[in-house]
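>>> Below are the sequence and a predicted model for it; my questions follow.
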Amino acid sequence: MPVTTACITGGEIHRQWQAGSIRGEFLGPQNTPFGPSGDLFLANSEDAQYYLLARCGIGLAKTSPSGINHRANIYALKDLGVQCVLAWGSGAAITHSVAVGDIVILDDVIDQTNLRDITFFENSPLGFLRQFPVFCPGLRRIVGEVLHDIRLIYHGAATAAITAGPRLETPAEVRALATMGAEIVTHAFAPEMFLAKELQMCYSALCYVMNYAEAGSRQPPLGGALFESMETQNGADRIAGVVESIGRIVANVASVAQETTSTCMCRQIQNQHIEQYGLPEDWRQWITQGEV
Ligand SMILES: [Zn+2]
């Protein structure tokens, strides 16, 4: 059976691979027209196979958020036949209703990044696409059911502000993001979520809460030092438990996704452009089309 589900995450893949908690094949970086992707793994579970892609390395090799080659990562997954992308990243809670160690299935974002390659189609109009729904509703539903079955505490919807990083936000920025409607703030997911949509892939973002965003108050949950939550045993245990569960979450999502007929519109989102511009069937040619 073809492998059609992938998870994009950070250096925790390398750590879990080295610890033996992820089994499968190390594929390494994939060559693409945009340069090499992050390290890829083909993971095996009892019920399904799935790809894991590390956005960045670990230790001193870890890339800054704006230095990640998102286009290479999404291109590589599409080239391998991936249809469903589950993205995984940490964030800081802005709202009081989200606690450290919780998982949030995002349903909207405020993209505050401006130093990243946001489209495959710099020389053509194919990136002119609607962003509602922002994430694949079908994949979000599957992810919610999997998290429910595993009995992890999760929130079915939230808006994330995505900031450029690598630095964290100033108190005034956090207060501004709160007034804009952000419930969580992260450096992950943009622009890979928009790039996946350009190539007609289903994409869902899971953000686990690592700490509380600092709004200038000394009172938790809107105060505190950097990753203070990890200094408490409860916070550290909850975060470790959530991070350890990523392989199981992706395996279960992959298993359900391969048995489920897609009802979303993600895989038809370029239909209007295909018709309007007479695009060829091979999506790779869409990218080179504007360069001809
Ligand atoms: Zn979809």
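Sure thing, it's come through.
>>> and the stretch 51-200 of the chain, which of its residues are near the ion?
Counting by C-beta under 5 Å from the ion, the residues of the stretch 51-200 of the chain close to the ion are 136, 138. Bear in mind the C-beta positions are built from the backbone N, C-alpha and C, glycine included.
>>> rerun that using 6 Å as the cut-off
Within the stretch 51-200 of the chain, the positions near the ion by C-beta under 6 Å from the ion are 136, 138, 139.
>>> Same list as before, these that is, but in CSV and with secondary structure included.
Formatted as CSV, these follow (DSSP: H, G, I helix; E, B strand; the rest coil):
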residue, secondary structure
136, coil
138, helix
139, helix
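>>> JSON lines please, covering these and showing pLDDT.
Shown next, in JSON lines, are those (pLDDT from 0 to 100):
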{"residue": "136", "pLDDT": "97"}
{"residue": "138", "pLDDT": "95"}
{"residue": "139", "pLDDT": "96"}
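>>> Quickly name whichever of these is closest to residue 161.
Nearest to residue 161 among those is residue 136, at 20.7 Å by C-beta to C-beta.
>>> The closest residue to the closest one other than its chain neighbours: how many residues sit nearby?
Excluding the flanking residues, the one nearest residue 136 by C-beta to C-beta, 6 or more residues apart in numbering is residue 202, at 3.8 Å. Residue 202 has 26 neighbouring residues, counting by other C-beta atoms under 10 Å.
>>> Next up, the contacts around residue 202.
83, 84, 85, 136, 138, 139, 196, 262, 264, 266, 267 (C-beta atoms under 8 Å, 6 or more residues apart in numbering).
>>> cool, and residue 245?
150, 152 are the contacts of residue 245 under C-beta under 8 Å, 6+ apart.
>>> Which per-residue confidence value corresponds to it?
Each residue has a pLDDT score; the one for residue 245 is 86.
>>> how much space is there between it and the ion?
23 Å (C-beta to the ion, to the nearest Å).
>>> Now do the helices in the stretch 101-250 of the chain.
Counting by DSSP state H, counting those that start in this stretch, the stretch 101-250 of the chain has these helices, from start to end: 137-150, 171-180, 192-198, 233-244, 246-259.
>>> any low-confidence regions in the stretch 51-200 of the chain?
In the predicted model of the stretch 51-200 of the chain, residues 57 satisfy pLDDT under 70.
>>> Smallest distance to the ion belongs to which residue of it?
In the stretch 51-200 of the chain, the residue that lies nearest the ion is residue 136 (3.1 Å; C-beta to the ion).
>>> That residue touches residue 203, doesn't it?
Yes: between residue 136 and residue 203 there is a contact under C-beta atoms under 8 Å: 5.8 Å.
>>> partner residues bridging the closest residue to residue 69 other than its chain neighbours?
Distance criterion C-beta to C-beta, 6+ apart; nearest residue to residue 69, sequence neighbours excluded, is residue 35 at 5.5 Å. Bridge pairing for residue 35 (DSSP bridges) gives the partners residue 32.
>>> Pick out the residue closest to the middle of the protein.
Nearest residue to the geometric centre of the chain (C-alpha atoms, centre = their mean): residue 87, 2.5 Å.
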